[in-house]
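1. Need a 3D model of the sequence below.
(chains A and B)
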There are 2 protein chains.
Amino acid sequence: MGSTGARIAIDAMGGDYAPDEIVAGALRAREELGVEVLLVGDPQEIESKLPPKTNLRQVEIVPAEEMITMDEEPLSGIRRKPKASINVAMDLVKNQQADAVVSAGHSGAAMAAALLRLGRLRGIDRPAIGAMFPTMVAGKPVLILDVGANVDCRPKFLEQFAVMGSIYSQYVLGIPEPKVGLLNIGEEDTKGNDAAVRANQLLRENPQISFIGNAEGRDVLSGHFDVIVCDGFVGNVLLKFAEAVGEVMLQIIREELPQGLHGQIGTAILKPNLKRIKQRMDHAEHGGALLLGVDGICIISHGSSQAPSIFNAIRMAKEAVDNRVLHRIQSQYQSIQQESG
Amino acid sequence: MGSTGARIAIDAMGGDYAPDEIVAGALRAREELGVEVLLVGDPQEIESKLPPKTNLRQVEIVPAEEMITMDEEPLSGIRRKPKASINVAMDLVKNQQADAVVSAGHSGAAMAAALLRLGRLRGIDRPAIGAMFPTMVAGKPVLILDVGANVDCRPKFLEQFAVMGSIYSQYVLGIPEPKVGLLNIGEEDTKGNDAAVRANQLLRENPQISFIGNAEGRDVLSGHFDVIVCDGFVGNVLLKFAEAVGEVMLQIIREELPQGLHGQIGTAILKPNLKRIKQRMDHAEHGGALLLGVDGICIISHGSSQAPSIFNAIRMAKEAVDNRVLHRIQSQYQSIQQESG
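-> Now for the predicted structure:
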């Protein structure tokens, strides 16, 4: 591990297409991004998936005896199986042998392992899962958090999510002054339930973020916001709905566009343009969700991830490492606390 | 009013395109659906929008001196302006001069007026707003409620929504045994916050509905559910997101499809097919949301409704009246109460 590049621990056993597609995505990332990849899992299985000419000295395999299955209760699974691949991957970060973890396995288990092995950042009450949504404006995604870590959120948790999301948006995505919104059922500051009204107040008073007001459901994809905070219940429903709706739309296009002779000719002519449309609607391009607030970079990929998604997830992890996101959250968060304390 | 058809009171002053488009939609409904329409609002304004050859004896205009504007706080507006068009329309139902109300005005005001003037159905703690979402399966929409009436919902409110939604789905949409789902962040019965777990239990134990389990965000458009219940916060976010997402997708298609010479040719060839795609993605087809649980049929249309949406909203109202939805909710609801009481 003599390279100066980011070292990414990959849960090679997690996901619907593990280990084949996980290994393939990791090898491509090593090649193209110049990162070191540590493949965590059953060594024999992983080795059998490596291309024949792979120089084994360049691929680090970290043995893990077990794995958490999708039907396990995450917390008890994580506790019962200390040698599960996701635990071993987290330990690599904890022991500073890796800078980040990427997993397409059980997302609840990944979160539980991160919490138990890495712990929370100082000043953060609850970690949040952040997901990038594409918007109407090409190349201008919006970061939504939380999308599933916390089913109930106190207003101050939402405030912390806003601070963490702003830092990520600023330093990783390069947005100078990220515009923050609070997901709510109306634009006015007094709209929503008690928690939403109080959260609006906290966000408006926080000098460290640029809060521009409530975001309604219709504003999520408008491109007017860079970061939108919400509790993990509504965020999770929205994320899964958005993922499915893209599929539904593509399905409708696939059904209706080639109808008739004109349709078939037109569709054939438009093939490259349709591919671009698919890419813009496709969530896989974004690689994974980001677990913010734990003491380590963790990217949680979709269970259905194949090599391109894993590649993108590793790129996300590398960018977060290279831009020192943890350090910045920690230091900015502490400065906020000192100012207010 | 000698006809035996449904009598629908229309808030002619409510909506972005009032009174022109409201009147136009109402007149078309009177013509094609055989309903009586009572146009509530400023008589001079309404009369000026009627086509020159209209027989005024066939169009009933009910004078209302005021209206609730979009920037008014609904409850106080409704109280301060007893002669506002939405109040007058509700009074027509209360006094049995009309069977239903359709309004594209301030939706909060419509709800407040319905609650204050008509009151709740016996046995219903909170009315809910139900909206139809198109699904992947053509011609098989799903009824989501609540989409905005109640920002916080106790589990028993969700149970009542499920009963009301099932009755509507069965008798108006003709679905023999509507499949009910609870919007949640996981399929397992134990998923979600405390309220969701308790609601799941209540729904599972209720013999009057066919509860098939939790619905995740990705299941909303699957066509597997006929009725999905949720609190008005998440439902409202989802509704507004869904309305916008169709627009975003069409925007992406409009931007990407005609790129390049091939793109321009292909797009020109595909014009009729693209129009069909737009129609399938379009929400306006559904006309309006349904306020269930008050003692009268109320359809709340989108503020941006034009004549076709108003026409569809009136059709929804007529179908609810013809199928005696209120009576069925009331009697089935009472029987549930008697059994459990």
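
2. Of all the helix elements in chain A, which one is longest?
-> When chain A is parsed with DSSP state H, its longest helix is helix A:232-256.

3. can you tell me if that one touches chain B.
-> Yes - counting by Cβ under 8 Å from any Cβ of the partner chain, chain B is contacted by helix A:232-256 at A:232-234, A:236-246, A:248-249, A:251-253, A:256. In short, each C-beta sits where N, CA and C put it, glycine included.

4. Please, a PyMOL command that selects the buried ones among those residues?
-> Selection of buried members from the residues of helix A:232-256 next to chain B for PyMOL, criterion 16 or more other Cβ atoms under 10 Å in any protein chain shown:
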select buried, chain A and resi 232+233+234+236+237+238+239+240+241+242+243+244+245+246+248+249+252+253+256
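
5. related to what we said a few turns ago, and the longest helix of chain A, what does it pack against?
-> strand A:128-133, strand A:142-145, strand A:179-183, helix A:271-281, helix B:232-256, helix B:271-281 (3 or more Cβ pairs under 8 Å, 6 or more residues apart in numbering or on different chains; DSSP states H and E).

6. Okay, buried residues for the second one please.
-> Buried residues in strand A:142-145, counted by 16+ other Cβ under 10 Å: A:142-145.

7. Just give me the closest of those residues to chain B.
-> residue A:144 (10.8 Å; Cβ to the nearest Cβ).

8. right, and that closest one touches residue A:219 too?
-> No - taking contacts as Cβ atoms under 8 Å, residue A:144 lies outside contact range of residue A:219: 11.6 Å.

9. What mean pLDDT does stretch A:11-18 get?
-> When pLDDT is averaged along stretch A:11-18, the result is 94.

10. Now do that stretch: everything it contacts.
-> A:19, A:21-23, A:26, A:39-42, A:45-46, A:64, A:67-68, A:85-86, A:89, A:101-106, A:110, A:301, A:303-306 (Cβ atoms under 8 Å, 6 or more residues apart in numbering or on different chains).

11. Give the ChimeraX command for selecting the buried subset of the residues you listed.
-> Command for ChimeraX that selects the buried part of the contacts of stretch A:11-18, burial taken from 16+ other Cβ under 10 Å:
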select /A:19,21,22,23,26,39,40,41,42,45,46,64,67,68,85,86,89,101,102,103,104,105,106,110,301,303,305,306
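
12. re the thing from before, save the helices and strands packed on helix A:232-256 as JSON lines, and put in distance to residue A:154 and mean pLDDT too.
-> Below are those laid out as JSON lines (distance: least, Cβ to Cβ, whole Å; pLDDT from 0 to 100):
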{"stretch": "strand A:128-133", "distance to residue A:154": "13", "mean pLDDT": "93"}
{"stretch": "strand A:142-145", "distance to residue A:154": "15", "mean pLDDT": "96"}
{"stretch": "strand A:179-183", "distance to residue A:154": "14", "mean pLDDT": "98"}
{"stretch": "helix A:271-281", "distance to residue A:154": "35", "mean pLDDT": "79"}
{"stretch": "helix B:232-256", "distance to residue A:154": "16", "mean pLDDT": "87"}
{"stretch": "helix B:271-281", "distance to residue A:154": "38", "mean pLDDT": "78"}
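
13. Now tabulate those in CSV and tack on distance to residue A:117.
-> Shown next, in CSV, are the helices and strands packed on helix A:232-256 (distance: least, Cβ to Cβ, whole Å):
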stretch, distance to residue A:117
strand A:128-133, 17
strand A:142-145, 21
strand A:179-183, 30
helix A:271-281, 36
helix B:232-256, 32
helix B:271-281, 45
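
14. For residue B:193, which of the ones you listed is the nearest?
-> Ranking the helices and strands packed on helix A:232-256 by distance to residue B:193, with Cβ to Cβ as the measure, places helix B:232-256 first at 11.2 Å.

15. thinking again about what came up before, ok, which of the helices and strands packed on helix A:232-256 comes nearest residue B:118?
-> Per Cβ to Cβ, nearest to residue B:118 of the helices and strands packed on helix A:232-256: helix B:232-256, 19.0 Å.

16. Contacts (any at all) between chain A and the helix or strand just after the closest one?
-> Sequence-wise, the next helix or strand downstream of helix B:232-256 (DSSP states H and E) is helix B:260-269. Yes - interface with chain A: helix B:260-269 contributes B:260, B:262-263, B:265-269 (Cβ under 8 Å from any Cβ).

17. and which of these is nearest to residue B:210?
-> Once Cβ to Cβ is applied, the member of those that ends up nearest residue B:210 is residue B:267, at 45.2 Å.

18. How about the closest one, nearest residue that isn't a chain neighbour?
-> Sequence neighbours aside, residue B:258 is the residue nearest to residue B:267 in space, at 4.4 Å (criterion: Cβ to Cβ, 6 or more residues apart in numbering or on different chains).

19. Over to residue A:210?
-> Nearest in space to residue A:210, with sequence neighbours left out and distances taken as Cβ to Cβ, 6+ apart, is residue A:177 at 5.0 Å.

20. likewise residue A:273?
-> Residue A:273 sits nearest to residue B:263 (Cβ to Cβ, 6+ apart), 4.9 Å away.

21. What ranges does chain A have for its strands?
-> Ranges of strands in chain A, per DSSP state E, are A:7-11, A:36-41, A:60-63, A:100-103, A:128-133, A:142-145, A:179-183, A:210-215, A:227-229, A:289-292, A:297-300.

22. now those in JSON lines, with distance to residue B:288?
-> JSON lines is the format used below for these (distance: least, Cβ to Cβ, whole Å):
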{"stretch": "strand A:7-11", "distance to residue B:288": "48"}
{"stretch": "strand A:36-41", "distance to residue B:288": "54"}
{"stretch": "strand A:60-63", "distance to residue B:288": "58"}
{"stretch": "strand A:100-103", "distance to residue B:288": "45"}
{"stretch": "strand A:128-133", "distance to residue B:288": "28"}
{"stretch": "strand A:142-145", "distance to residue B:288": "29"}
{"stretch": "strand A:179-183", "distance to residue B:288": "24"}
{"stretch": "strand A:210-215", "distance to residue B:288": "24"}
{"stretch": "strand A:227-229", "distance to residue B:288": "28"}
{"stretch": "strand A:289-292", "distance to residue B:288": "36"}
{"stretch": "strand A:297-300", "distance to residue B:288": "39"}
